[in-house]
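Enquirer: Sequence and predicted model, in that order:
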Amino acid sequence: MKLLASTTLALASLLLTTQAFAERPDFSKTAAARADYLFANNPSAQLDQVQRSSSRHDFSKTTAANSEYRFADNPPADETELEPRTTQHDFSRTEAARKQS
């Protein structure tokens, strides 16, 4: 039984070490490693291209651009009181500060 266990262990370690010392692929020899390779020409990249929209909006096509549009008919906006915003954060109220004390 000991002979079988030691033989199995020796074979397993031999297989694992040969895989560990196997030659790793050298990606510097691939076509994509060349400096003039264009990744944009890959077929998968061409499928995912999103059309760029203009950064300017054409307000002449909106309803309000119509000369007959009456701004006075717009419903009034809800007036809500907003808390005044501060530029500094009070770190003494954080969870980490509570755990320290």
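Expert: Right, received. Where do you want to start?
Enquirer: can we go C-alpha only for contacts and neighbour counts from here?
Expert: OK.
Enquirer: Please determine how far Ala35 is located from Asn42.
Expert: Ala35 sits 15 Å away from Asn42, taking Cα to Cα, to the nearest Å as the criterion.
Enquirer: need the helix or strand of this structure with the lowest average pLDDT.
Expert: Least confident helix or strand, the chain: helix 43-47 with a mean of 66, by mean pLDDT, DSSP states H and E.
Enquirer: and after that helix, which helix or strand comes next?
Expert: For helix 43-47, the following helix or strand on the C-terminal side (DSSP states H and E) is helix 95-100.
Enquirer: Export that next one to PDB, keeping only CA atoms.
Expert: Extracted in PDB, the C-alpha atoms of helix 95-100 (Å, rounded to 0.1, in the frame of the first residue of the first chain):
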ATOM      1  CA  GLU A  95     -18.800  55.800  11.200                       C
ATOM      2  CA  ALA A  96     -15.000  55.500  11.600                       C
ATOM      3  CA  ALA A  97     -15.000  58.400  14.100                       C
ATOM      4  CA  ARG A  98     -17.800  56.800  16.100                       C
ATOM      5  CA  LYS A  99     -15.900  53.500  16.300                       C
ATOM      6  CA  GLN A 100     -12.700  55.200  17.600                       C
END
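Enquirer: and it, what's its mean pLDDT?
Expert: For helix 95-100, mean pLDDT rounds to 79.
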